[in-house]
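Engineer: the amino acid sequence is not available; the structure is as follows:
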């Protein structure tokens, strides 16, 4: 629902925007923060034992050279009911890994990181995701009814309050697209979620709509309301915020700093169940 | 608190009564009254001066051209003057009360020597306490260069000190650091909720149908209420009651046509004006799938029942339509209607009763997703205003008004059976706003004049709906662990019966203005005004959009209350050829709504979970130097100002938004310089130019980046702690009136305009993201208008 309204804002911007160009702009530079990418995603049909957590440092906005990997931290996840601990071993490249994680739907877990003498912590519950029942292609739907879009069909569970996070990556493109959804207006319905890449009049825009032979990687996550709120703002702000979109804000994740609360971490500790699949356009 | 207020009111009332009594103890006096109209078309003239020569006794005609002058018995010369009109004088032997109507004529443009003279109120007015106001005559507005050939009142106002917009591509305007929704915009007294077509490219006011425009930036008279920042009072023409007339213009983007004629054997007249853009037709013909269009329609008719009773009926209907490749449509617009009855009780008491309806609505048609979305605000307004011309020293305004509001924040309707969207209706909200006021203009001494008044406003949010209850009565809760504001926990609902008020508010709004004449050419003025605002526009975007929703005060949202203090110095130079106006102001507003990080206002039934109540303050210096006469006329306007807001956590806990610190509002402009000039070379050619420079708009930029989910995520700095690059622009215009025979009724004019003559790419926004090919972060500027030339042909028949 919201994405339609957000699309409206985008359309308005496109309608009135006669000229876009890339310029040099001085920006402020905030002190470095720890970035936690603790996405414990349990792919349907796997054991979910192997998990990786990434730690890095934030950098200046236009910086392209810094090595931001954080090594030497200690990383641990605990099952809040059983007390079972999963130690993530330092891979010395910013990654911390385990192969013994035990995912349980609906279970709450706690993340603990000790880095530079400061202790970071976060708590989250593993959320389920409904199965994808069908994937197909069409041209009729989408914002443009002349180009191909992929359709992902699933049934929202009958109880209210389900939240979804989609990650779409057209093979050959550098950046993925994120979309979020909730069942606010569609609770309990069969949902046909479509994804397309719109044609652009803008010559500088190199993205092309789907054509036969294109492969689309699809990830569909069941997420908590808190993560939804987080990734929703983040998704809105990816690629910049236009004239008719909400003013950008600093997004805070769930990783708090117990030693020095001001020095909270970016990123999120999330536990999800995920559908991962691909679709090849015909 | 309330008790104290009513005591104050009582004291004020007795004082007023005393004043009335003291003023009656005068020598034998008589009253002259009547109406001043334009000889050529019978339009009543607002703001014409009616003076008794050689005395200080005089008055300015009211909105309906009415005047009343009281003076001691004697022989006088009565003089009537008005912009661009020949001054007329008449000997009057004042031995009895008399009714004298006058018709005055415009200078003929055929005359050899044409002197463009600014209207009296456009010069510095020294005697009247009225300050912080701008009155613009349509003829002044029409001299200025325009965008795409459409004369635009709002853009012209933005050339004056203290008035800005929020950048190109945004509708509305901002007055003295106030928000867009804090302006009361009236078209023939009907509330207009959205002042722009096409996101501010054009205003909803068709200049051919408009008679005059007055903006109160402060010192708002007690007869107006409901908004805390300003009042924009726009009045439509009544219609030519002398002869049939056609006015029109053909432009590149749009055209307009106005017809007016007498009715009922010259006892009345009507005006009908239409305007339409046709870019959509061109786009469609060119095979473009997307289109955008607007149109509007103005109607006015009046009928004089007799000398003392006159009826007016006015209407406005405007619409914008967007269609995106058939998969998405949007349409929005204002409509309003007003029936007025002018009644003159006697030579000193003038009254007007108005019954007004107005509506703003929008519709989104998302055929792509098989649903549509409707939203509207309706209001029904009854008001009665009286003006009593007690003596030449004392005039009294008083009256009452009531407004019933019906807010429909939104409904979703599936448009096909296969639609995956469930129907939804957000709660309708109803409210009633009322006001009573009394206000006096009082000449205390020959040098000191005061205008003082009091308004009492009341607002009830009406029942007939259920409201959510929250744990600890907190719709928004601070989460101290994560350091963020979150939506409160709903614990139930309270049902409010129809006929019950959910919440009621009442506020006393004192208004005071003083003018002290230092000498013949200069004066100082001071003013204080307090105002309450009960309805609010919800918008968390950089630019307000036509889809923003209005919401009433109630259980969770408190009325905005503002205090404004202003001090001014006014001076005329060189026999009124030049005038200088300097003002400083300080304004505070309580209960200004602010939005929590990640607030979601779309389809939101519980707005209270997305907002916090904050405050704002603004202060500044405004300078306006005008040249009022000669071949070259125009002005230089400069504003130095600050506008900030602060939102503590309050009942939600925590420090608040941006840690409860003051931060810039999006409409803060440190410097704003506007220069506007018109040069009349001869009868055929005249030229116009506008030059604008403004400090960039406060915005939020990133202050870092980090890797997450395979992309670079921007982390953003404190709200509005950065600024867009400075905005500047030059516009030029040439008017050419071809030779014509004196008795040819058709009068034509070509207008060549160039908007943004040096093609400055002013940033409407700058957005930050990764380049899709290289992955490197970059800043992308969106500029809306480069150089835009236009050619328009205007005619009168």
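Structural biologist: Alright, I've got the coordinates. Treat the numbers as computed from the prediction; the structure is a model and nothing was measured. Numbers count the residues shown, from 1 in each chain, chains lettered A, B, ... in the order given.

Engineer: every contact and neighbour count from this point should use C-alpha atoms.
Structural biologist: Fine.

Engineer: state the mean pLDDT of the longest strand out of those in chain A.
Structural biologist: Longest strand in chain A, counting residues (DSSP state E): strand A:266-280. Averaged across strand A:266-280, pLDDT comes to 94.

Engineer: now for it, which elements pack on it?
Structural biologist: Applying 3 or more CA pairs under 8 Å, 6 or more residues apart in numbering or on different chains; DSSP states H and E, one finds that strand A:266-280 contacts strand A:34-43, strand A:118-125, strand A:215-223.

Engineer: the shortest one vs chain B: in contact?
Structural biologist: Meaning strand A:118-125. No: on the criterion CA under 8 Å from any CA of the partner chain, strand A:118-125 is out of touch with chain B, staying 9.3 Å away.

Engineer: confirm that residue B:608 sits in a helix.
Structural biologist: Yes: according to DSSP: H, G, I helix; E, B strand; the rest coil, residue B:608 belongs to a helix.

Engineer: that one contacts residue B:557, correct?
Structural biologist: Yes: look at residue B:608 against residue B:557 with CA atoms under 8 Å: they come within range, at 7.3 Å.

Engineer: what's the first helix or strand after the helix or strand in which residue A:76 is found?
Structural biologist: For residue A:76, the element it lies in under DSSP states H and E is strand A:74-79. Next in sequence after strand A:74-79, counting helices and strands by DSSP H and E, comes strand A:85-90.

Engineer: buried residues in the helix or strand following that following strand?
Structural biologist: Going down the chain from strand A:85-90, the next helix or strand is strand A:95-98, by DSSP H and E. For strand A:95-98, the buried set under the neighbour-count rule, 16 or more other CA atoms under 10 Å in any protein chain shown, comprises A:95-98.

Engineer: got these as CSV, with pLDDT and distance to chain B columns?
Structural biologist: As requested, those are exported to CSV (pLDDT from 0 to 100; distance: CA to the nearest CA, whole Å):
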residue, pLDDT, distance to chain B
A:95, 94, 13
A:96, 96, 15
A:97, 95, 17
A:98, 94, 19
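
Engineer: with adjacent residues omitted, what lies nearest to residue B:300?
Structural biologist: residue B:314 (4.2 Å; CA to CA, 6 or more residues apart in numbering or on different chains).

Engineer: the one you found reaches residue B:303, doesn't it?
Structural biologist: No: assessed by CA under 8 Å, residue B:314 is found out of contact with residue B:303, at 11.8 Å.

Engineer: so for the two, which sits in the more crowded spot?
Structural biologist: For residue B:314 versus residue B:303, neighbours defined as other CA atoms under 10 Å in any protein chain shown are more numerous around residue B:314 (26 against 21).

Engineer: quick check: bridge partners of that one?
Structural biologist: Judged by DSSP bridges, the bridge partners of residue B:314 are residue B:300, residue B:338.

Engineer: give the contact list for it.
Structural biologist: Going by CA atoms under 8 Å, 6 or more residues apart in numbering or on different chains, residue B:314 touches B:188, B:298-301, B:337-339.

Engineer: next, give me the two most distant ones among these.
Structural biologist: B:298 and B:339 (14.1 Å; CA to CA).

Engineer: who's more crowded, the two?
Structural biologist: It is residue B:298, of residue B:298 and residue B:339, that has more neighbours when counted by other CA under 10 Å, with 25 against 20.

Engineer: okay, and that one sits in which element?
Structural biologist: Applying DSSP H and E as the criterion places residue B:298 in strand B:290-306.

Engineer: flag every buried residue along that strand.
Structural biologist: By neighbour count with 16+ other CA under 10 Å, strand B:290-306 contains the buried residues B:290-304.

Engineer: pLDDT-wise, what's the bottom of those?
Structural biologist: Ranked by pLDDT, the buried residues of strand B:290-306 bottom out at residue B:290 (71).

Engineer: how's chain B carved up into domains?
Structural biologist: Listed by automatic domain parsing, the domain ranges of chain B are B:2-107, B:133-796.

Engineer: return the distance of the last one from the chain's centre.
Structural biologist: The chain centroid and the centroid of domain B:133-796 are separated by 5 Å under CA atoms, centre = their mean, to the nearest Å.

Engineer: OK, contacts around residue 208?
Structural biologist: Went with chain A since none was named. Contacts of residue A:208 by CA under 8 Å, 6+ apart are A:197-199.

Engineer: should've been chain B
Structural biologist: B:247-248, B:258, B:273.

Engineer: just the ones of the residues you listed in strands?
Structural biologist: B:247-248, B:258, B:273.

Engineer: okay, buried residues for the longest strand of chain A please.
Structural biologist: Buried, per 16+ other CA under 10 Å, within strand A:266-280: A:266-276, A:279-280.

Engineer: run the angle between that strand and strand A:215-223 for me.
Structural biologist: 140 degrees (axes from the mean of the first three to the mean of the last three CA atoms, to 10 degrees).

Engineer: helix or strand next in line after the helix or strand bottoming out on mean pLDDT in chain A, which one?
Structural biologist: When the helices and strands of chain A are compared on mean pLDDT, DSSP states H and E, helix A:2-16 comes out lowest with a mean of 56. Moving toward the C-terminus from helix A:2-16, the next helix or strand (DSSP H and E) is strand A:19-23.

Engineer: partners of that following strand in the sheet?
Structural biologist: Its sheet considered, strand A:19-23 pairs with strand B:777-783 (antiparallel) by DSSP bridges.

Engineer: residues in contact with the next helix or strand after the strand it pairs with?
Structural biologist: The first helix or strand that comes after strand B:777-783 along the chain, using DSSP H and E, is strand B:788-796. With contact meaning CA under 8 Å, 6+ apart, strand B:788-796 is reached by B:147-149, B:245-252, B:745-757.

Engineer: buried subset of those residues?
Structural biologist: So, by 16+ other CA under 10 Å, the buried ones in these are B:147-149, B:245-252, B:747-757.

Engineer: could you tell me which of those residues are located in strands?
Structural biologist: Those of the buried ones among the contacts of strand B:788-796 mapping onto strands are B:245-250, B:747-755, per DSSP E.

Engineer: out of those, flag the one nearest to chain A.
Structural biologist: residue B:755 (14.7 Å; CA to the nearest CA).

Engineer: for the closest one, which residues make a bridge with it?
Structural biologist: residue B:788.

Engineer: bridge partners for the spatially most central residue of chain B, pull those for me.
Structural biologist: Per CA atoms, centre = their mean, the C-alpha nearest to the average position across chain B is that of residue B:232, at 2.9 Å. Beta-bridge pairing for residue B:232 (DSSP bridges): residue B:185, residue B:215.

Engineer: distance of it from chain A?
Structural biologist: 25 Å (CA to the nearest CA, to the nearest Å).

Engineer: swap in residue B:375?
Structural biologist: Between residue B:375 and chain A the computed distance is 13 Å (CA to the nearest CA).

Engineer: which residues touch that residue?
Structural biologist: Residue B:375 makes contact with B:361-363, B:408-411, B:549, according to CA under 8 Å, 6+ apart.

Engineer: which strand residues bridge residue B:296?
Structural biologist: Going by DSSP bridges, residue B:296 forms beta bridges with residue B:275, residue B:318.

Engineer: so who does it touch?
Structural biologist: So residue B:296 contacts B:204, B:206, B:274-276, B:316-319 (CA under 8 Å, 6+ apart).

Engineer: nearest to chain A, of the residues you listed?
Structural biologist: Closest to chain A, out of all of the contacts of residue B:296 and judged by CA to the nearest CA, is residue B:319, at 15.9 Å.

Engineer: could you pull out the strands for the stretch 1-150 of chain B?
Structural biologist: B:29-38, B:49-52, B:58-60, B:66-72, B:74-81, B:88-94, B:98-99, B:102-104, B:133-137 (DSSP state E, counting those that start in this stretch).

Engineer: circling back to that earlier point, filter the contacts of residue B:375 down to the ones in helices?
Structural biologist: Taking DSSP state H, every one of those sits outside helices.

Engineer: and the closest residue in space to residue A:111 that isn't next to it in sequence, what does it touch?
Structural biologist: Leaving aside its sequence neighbours, residue A:111 sits nearest to residue A:77 (CA to CA, 6+ apart; 4.5 Å). With contact set as CA under 8 Å, 6+ apart, residue A:77 has these partners: A:85-88, A:109-112.

Engineer: that'll do, ta.
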